[in-house]
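*Asks:* Test case, fold it:
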Amino acid sequence: MSFARLLLGSAALACALPAYARPDTAPAETDGTPVDAAAQAGQGSTTDANHQEIGANIVVTASLDRPKADLLGGTTVLSGDALTRSLRPTLGDTLARQPGVSSSSFGPGASRPILRGLQGDRARVLTEGIGSFDVSTTSVDHAVAINPLIADRIEVLRGPAALLFGPSAIGGVVNVIDSRIPRTLPEEPVHLDGIVGYGSAADERTASGSVDVPVGGKVVLHADGSYTKSDDLETGGHILAGPQRRAAAASSDPDIADLANLSGTLPNSSAETWQVAGGAAVVADGGNLGFSVSHYDTNYGVPIRYAIEPGEEAEAVRIAMRQTRLDMRGEVETGGFIDRLRFRGAIADYRHQELEDTGEVGTTFYSQGLEARVEAQQAVRGGWRGTTGAQMLIRTLNVIGEEKFLPRNETQQYSVFTLQSADFGAVRGELSGRYERTEAVAQPDADLGNGRLERSFNAFSAAGGASVGLGNSGVRFGVSLSHSERAPTAEELFANGPHAGTQAFEIGDVNLGVERSNGVEATLKGGGDGFDFSLAAYHNWYDGFIYEQPTGELEDGLPVYQYNQVDARFYGLEAEASARLAQIGSTAVVVDGVADYTHATIKNGGPVPRIPPLRLLGGIEAQGVLAQGRLEVEHVTKQDRVAANETETGAYTLVNASLTLKPWGRDNPTSLLLSANNLFDVVARRHASYLKDYAPLAGRDLRITARFAL
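*Replies:* Next up, the predicted model:
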């Protein structure tokens, strides 16, 4: 499918479908739900009218505009000062401290969020409700083409509402919300936002800025750009994990033996990224319509998987990626039973080249995509509200080069969905459903030995539940049930070749069926004067969980992994809470904590690989009008529940501190952040990472970040 065809198709959709956008004139509703202690003290919110940042207790994903406590399932919102403090060059590392979230941590240049132990296609990553159009689900060494620097807020959504974005979102949805398509008219002739920062662990230099200009009373023009450059990462100690160091030290090859002493700098981990975008929107009383065009370009190193046996090859690969995309969004108020009609669409052209240490191009990935969705939002009537819509996705993927492991293929998905909720006072109910038709076609490929391959799937998913208020305590208890079906991806169906990113020779199975999951989740949420908490426990049973199993054979010097389907079980918990310990004048002293745990087992096959262990995080924060100071400790336990051919990962404890200065008060977005992360320079490795034994996390990292709005 050519890029011209995508452009024509998207233009036709824009003309044929009504506008889509989140309403921006409506105030953030609270329904009396207490905000968390941090939000009460001003953290995570701002009153900048030009961007209308909504407090961290309100969820706007899928145009829900509802308090977190009203939604079934664990929900996380990262915005304002909390987002500034968490910002890193990759989306996975930016979200890694949120409950239920880990990171693939495939070096500083490629880290994708992992939700409840699920990654890839089971944890959708979106920008304004539309996919990222990259190949990050194809391999863990491929970066997500979304820059966290552009985010106004990031939301992680689970439960029935996640079905609005696809049945593959079993683990949840990450939605990055930005201002590239303006939603409001600036009050001043020119509105500026900017951020500059420095991080010592990788000599990281960052700058970004955006400008919004009103023209003619109803038109807003937007432009933004960002640039990040970092050197090789400084870690807290030895590069290789203990077992690999011992094996290297015992080698008779002096070059391999020297690896046992490799420490400090992580070789081949530098990165350089830049991005530019422009957009425009017409903003009127009865709706709005806008578009943006953006270009993303990055060149990053993939940390070396060192050879500790003579004859093995260790590559220092770099990835040069670029993407150009066009986004559209609009909305029109209709009145009556259907209050608003919305449209959201995007097309993208993507390419990345995997460069050998000689500079030669080894493998190239080409991907083109079109995605669009239209929604009809019902007017609120007697406590009943809902959204119904349709969505389509077309993606082509072509891999060329020496590590080609997929034939040229195209995936088309068409779906309809609905989310309905009702408020009966003490009792609130929520019900969602989705039907999705998926067609996957692979072209004949003589190199891989396949003819034309074609599969189609019908997937039906539904979820529902209710919550009940426990007296006048401000606490709600909820239970939701879900049935989710996911069609296998082209990679799972058609793979047949060496995959350097996972150090495996991957073989797909064109006969795979639909993956089914049945789950139950219980939540307990509440808050009051100076406190807030949320607990979630979940259990999912998989029928036909698609999983790579080692065959014990070798191909091209790599272990062979075959995709097949097995039964599996996942269960776990997430908890977060905050409480105001004291109020000293205008300064609030707040304590908060996060805990999460996932347990995953393949029936008759042992643990699922790369599942994060128990994690505990606690902090204390002084929140004043002009300054905020925070100290936190994160402890990750040892993961010794491992799959075959998987190594254990040791426990670690990180201590972080930060000071945020707000020279114009807590309600003004301008701030100066000074932070020290991993204060004691410990060696830390994330068990979810394929590279954990070869690429530890950053050591001591001193950061300074300045953010302003004019």
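*Asks:* so where do the strands sit in the stretch 151-300 of the chain?
*Replies:* Counting by DSSP state E, counting those that start in this stretch, the segments of the stretch 151-300 of the chain that form strands are 153-157, 172-177, 191-199, 204-215, 219-230, 233-238, 263-266, 271-284, 287-301.
*Asks:* quick one: average confidence on the fourth one?
*Replies:* If I follow you right, that is strand 204-215. Strand 204-215 shows a mean pLDDT of 96 in the predicted model.
*Asks:* ditto for the second one
*Replies:* Along strand 172-177, the predicted confidence averages to a pLDDT of 90.
*Asks:* Could you give me the buried positions within that strand?
*Replies:* Residues of strand 172-177 classed as buried: 172-177 (neighbour count, 16 or more other CB atoms under 10 Å). Quick note: C-beta positions are derived from backbone N, CA and C, even for glycine.
*Asks:* returning to what we had before: format the strands of the stretch 151-300 of the chain as CSV; extra columns: distance to H687.
*Replies:* CSV is the format used below for the strands of the stretch 151-300 of the chain (distance: least, CB to CB, whole Å):
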stretch, distance to H687
strand 153-157, 20
strand 172-177, 19
strand 191-199, 24
strand 204-215, 25
strand 219-230, 24
strand 233-238, 17
strand 263-266, 18
strand 271-284, 23
strand 287-301, 22
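*Asks:* Closest one of the buried residues of strand 172-177 to H295?
*Replies:* For the buried residues of strand 172-177, the residue nearest H295 by CB to CB is V176; the value is 17.1 Å.
*Asks:* Report the strands that pair with the longest strand belonging to the chain, each with its relative direction.
*Replies:* The longest strand of the chain (DSSP state E) is strand 558-584. Using DSSP bridges, the strands paired with strand 558-584 in its sheet are strand 504-507 (parallel), strand 531-555 (antiparallel), strand 587-602 (antiparallel).
*Asks:* coming back round to it: between the strands of the stretch 151-300 of the chain, which gets nearest to G650?
*Replies:* Counting by CB to CB, G650 lies closest to strand 233-238 out of these; the figure is 11.7 Å.
*Asks:* other SSEs contacting that closest one?
*Replies:* strand 263-266 (3 or more CB pairs under 8 Å, 6 or more residues apart in numbering; DSSP states H and E).
*Asks:* List phi and psi for the most far-flung residue of the chain relative to its centre.
*Replies:* Here the chain reaches farthest from its C-alpha mean at S252, the gap being 43.8 Å by CA atoms, centre = their mean. Here the main-chain torsion angles of S252 (degrees, to the nearest 10) amount to phi -80, psi -10.
*Asks:* between the strands of the stretch 151-300 of the chain, which one is nearest to D567?
*Replies:* Nearest of the strands of the stretch 151-300 of the chain to D567, taken as CB to CB: strand 172-177 at 21.8 Å.
*Asks:* quick one: low-confidence parts of the stretch 451-600 of the chain?
*Replies:* For the stretch 451-600 of the chain, applying pLDDT under 70 flags the ranges 500-501.
*Asks:* Isn't T660 up against G624?
*Replies:* No: taking contact to mean CB atoms under 8 Å, the distance of 9.7 Å between T660 and G624 leaves them out of contact.
*Asks:* Show me which of these two is the more surrounded one.
*Replies:* Comparing T660 with G624 by other CB atoms under 10 Å, the one with more neighbours is T660, at 25 against 19.
*Asks:* List the contacts of stretch 307-320.
*Replies:* Residues from elsewhere that reach stretch 307-320 (CB atoms under 8 Å, 6 or more residues apart in numbering): 109-110, 141-143, 240, 244, 247-248, 251-253, 256, 259, 267-268, 298-302, 304-306, 352-357, 362, 500, 557.
*Asks:* before we move on, the earlier item: any chance of the strands paired with strand 558-584 in CSV, plus distance to L326 and mean neighbour count?
*Replies:* As requested, the strands paired with strand 558-584 are exported to CSV (distance: least, CB to CB, whole Å; neighbours: other CB atoms under 10 Å):
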stretch, distance to L326, mean neighbour count
strand 504-507, 33, 21
strand 531-555, 32, 18
strand 587-602, 37, 20
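*Asks:* To Y690, which of those strands lies closest?
*Replies:* For Y690, the closest of the strands paired with strand 558-584 is strand 504-507, at 9.5 Å, according to CB to CB.
*Asks:* hang on, the earlier thing: turn the buried residues of strand 172-177 into TSV, including distance to T411.
*Replies:* Conversion of the buried residues of strand 172-177 to TSV gives the following (distance: CB to CB, whole Å):
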residue	distance to T411
G172	21
V173	19
V174	21
N175	21
V176	23
I177	26
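*Asks:* For the longest strand of the chain, which residues meet the burial criterion?
*Replies:* Along strand 558-584, these residues count as buried under the neighbour rule (16+ other CB under 10 Å): 558, 560-566, 568, 570-580.
*Asks:* ditto for stretch 446-466
*Replies:* Neighbour-count burial for stretch 446-466 flags 448, 450, 453, 455, 457, 459, 461-466 (criterion: 16+ other CB under 10 Å).
*Asks:* Filter those down to the ones in strands?
*Replies:* For the buried residues of stretch 446-466, secondary structure assignment (DSSP E) places 453, 455, 457, 459, 461-466 in strands.
*Asks:* which residues touch the residue lying closest to R452 once chain neighbours are set aside?
*Replies:* Excluding the flanking residues, the one nearest R452 by CB to CB, 6 or more residues apart in numbering is P444, at 5.2 Å. When contacts are counted by CB under 8 Å, 6+ apart, P444 touches 407, 450-452.
*Asks:* if you set the cut-off to 7 Å instead, what comes out?
*Replies:* 450-452 (CB atoms under 7 Å, 6 or more residues apart in numbering).
*Asks:* Same check on L259?
*Replies:* Taking CB under 7 Å, 6+ apart, we find L259 in contact with 240, 248, 306, 308.
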